[in-house]
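Peer 1: need a 3D model of the following:
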Amino acid sequence: MKFFLIAGEPSGDNLGGPLMAGLKSLDQDAEFVGVGGPSMAAQGLDSLFPMEELSVMGIVEVLPKYRQLKARIAQTARAVAEARPDVLITIDSPDFCLRVARQARALVPDLKTIHYVAPSVWAWRSGRATKMAKVIDHVLAILPFEPPYMQAAGMSCDFVGHPIAAEPVATREQGAAFRAAHDIAPDAPLILCLPGSRRGEVARLGPRFDEALMQLRDRVPEIRVVIPTVRGVAGLVRDMTKRWPTAPIVVDTDDERKAAFAAADLALAASGTVSLDLAANDVPMVIGYDVAPLSRMLIGLLLKTDTVTLVNLVSETRVVPEFLGRKCQPGPMSKALYDLIEDPQAQAAQHEAMALTMQRLGRGGEAPGLRAARSVMDALSSARQPR
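Peer 2: Numbering: from 1, shown residues only. The predicted model follows:
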């Protein structure tokens, strides 16, 4: 079979590689064309153009590249039509991917389409699912409560597991080695500070998180702070933290980040999938997040859920404290961290919710890439059966 796959950013590429491996295990003669990054290239994809051209976020960043992105959408849609694949699989990046699917469908009306990663319509903008159903036949969801939303909009959908549930975590021994390497006492409370992976997030949340941790240090003087970050913002983080009284340790390699998670007792983190990274490593957390005032107002009007923390949502609890928008202030976040340190029952409730979250996301089951591949093949088989 011939599969046309599109990933527009690293997170999509990280899903696409294991999916391709799964498809090859089910069809040894599988042929792949499309757009992707290094993970997909390792499975045999020769990308039409560098995926990095599509990794643009935010209106200010997109506008200067709008004509180039528009041209890439048209180019990719034409390539789909020329390839005549058995299926088009778009992975995350809906702004690019769904536009390609729409144009490709116009050129090839009977084209089968699958989208990997459901839009978060359970949180806001529920109309996105209805719009997506006009060009997408089947959805691969990575959160267990998402399929009913997609099915209600007219698409078939399978929960295929979250990739975090299959990722290896560092051992306690590696965590102990991390503490020793950074001269952190075995009994010192080690707190991870995670202000985001984008420059805007780090600039907005970093100073608030530092103030919260500084207030916590006034009450718990022996705390140590570690910031696991990514290389794209590591320079910004290091420059910013030179002025922080908490004097955090900044690490930006994969091995050190994993070891830091294994060594940690607690975390103050930005909202997002990092809460699942913390859950995978069984690290209790407090969540904080804020955006620009106009975006805050719009999101406040559109938000449909009382929590945005994925551990709370997947476990169907509300045990992780979160401070969003105007509530994202140092004082309340510092108090929540102190309360968590002082309350073993609150920690136990988080440990239980995190374990349940990882179980529900697929830990211990079939690898998400293979599970996604089975869903793709089943969806194509169902589409071929006479009605």
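Peer 1: all helices of the stretch 101-250 of the chain, in order?
Peer 2: For the stretch 101-250 of the chain, the helices defined by DSSP state H, counting those that start in this stretch cover 127-132, 147-152, 172-181, 199-219, 231-241.
Peer 1: avg pLDDT for the longest one?
Peer 2: Just to be clear, that refers to helix 199-219. Across helix 199-219, pLDDT averages out at 93.
Peer 1: and the residue nearest to L356 when sequence neighbours are not counted, what are its phi and psi?
Peer 2: Computed as Cβ to Cβ, 6 or more residues apart in numbering, the closest residue to L356 that is not its neighbour in sequence is S315, at 4.6 Å. Bear in mind the C-beta positions are built from the backbone N, C-alpha and C, glycine included. Phi and psi for S315, reported as degrees, to the nearest 10, are phi -80, psi -10.
Peer 1: pretty sure S315 is touching A353, no?
Peer 2: Yes - using Cβ atoms under 8 Å, S315 is in contact with A353, at 4.0 Å.
Peer 1: and among the helices of the stretch 101-250 of the chain, the most buried is which?
Peer 2: Burial of the helices of the stretch 101-250 of the chain is given as mean neighbour count (mean count of other Cβ atoms under 10 Å); helix 199-219 ranks first at a mean of 19.
Peer 1: now for that one, which elements pack on it?
Peer 2: strand 190-194, helix 231-241, strand 266-270, strand 285-289, helix 330-342 (3 or more Cβ pairs under 8 Å, 6 or more residues apart in numbering; DSSP states H and E).
Peer 1: for A83, find the nearest of these.
Peer 2: Among those, the nearest to A83 by Cβ to Cβ is helix 231-241 (32.5 Å).
Peer 1: let me know the average pLDDT across that closest one.
Peer 2: Here the average pLDDT along helix 231-241 is 88.
Peer 1: by how many degrees do that helix and strand 190-194 diverge?
Peer 2: Computed with axes from the mean of the first three to the mean of the last three Cα atoms, to 10 degrees, the direction of helix 231-241 lies at 110 degrees from that of strand 190-194.
Peer 1: name the nearest residue to D13, ignoring sequence neighbours.
Peer 2: D13 sits nearest to G37 (Cβ to Cβ, 6+ apart), 3.5 Å away.
Peer 1: show me what contacts the one you found?
Peer 2: 7, 10, 13, 16, 47, 51-52 (Cβ atoms under 8 Å, 6 or more residues apart in numbering).
Peer 1: just checking, which of these belong to strands?
Peer 2: When the contacts of G37 are checked against strands (DSSP state E), the matches are A7.
Peer 1: who's in contact with the nearest residue to D86 once chain neighbours are set aside?
Peer 2: Excluding the flanking residues, the one nearest D86 by Cβ to Cβ, 6+ apart is M1, at 4.5 Å. Applying Cβ under 8 Å, 6+ apart, we find M1 in contact with 23, 27, 29-31, 86-87, 380.
Peer 1: put the buried members of these into a ChimeraX selection.
Peer 2: Command for ChimeraX that selects the buried part of these, burial taken from 16 or more other Cβ atoms under 10 Å:
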select :23,30,86,87,380
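Peer 1: redo the contacts of M1 as CSV? Include distance to L213 and secondary structure.
Peer 2: What follows is the contacts of M1, written out as CSV (distance: Cβ to Cβ, whole Å; DSSP: H, G, I helix; E, B strand; the rest coil):
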residue, distance to L213, secondary structure
L23, 45, helix
D27, 51, coil
D29, 55, coil
A30, 49, coil
E31, 52, strand
D86, 53, coil
V87, 49, strand
L380, 51, helix
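Peer 1: I'd like the contacts of M1 as TSV, with distance to Y338 and pLDDT appended.
Peer 2: Below are these laid out as TSV (distance: Cβ to Cβ, whole Å; pLDDT from 0 to 100):
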residue	distance to Y338	pLDDT
L23	49	98
D27	55	97
D29	60	96
A30	54	97
E31	57	97
D86	57	97
V87	52	98
L380	54	95
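Peer 1: how about H162: what's its closest non-neighbour residue?
Peer 2: Nearest non-adjacent residue to H162, counting by Cβ to Cβ, 6+ apart: L361, 4.0 Å away.
Peer 1: count the neighbours of the one you found for me.
Peer 2: Counted with other Cβ atoms under 10 Å, residues neighbouring L361 total 24.
Peer 1: what ranges does the stretch 51-200 of the chain have for its strands?
Peer 2: Counting by DSSP state E, counting those that start in this stretch, residue ranges of the strands within the stretch 51-200 of the chain are 87-91, 113-116, 138-141, 156-159, 190-194.
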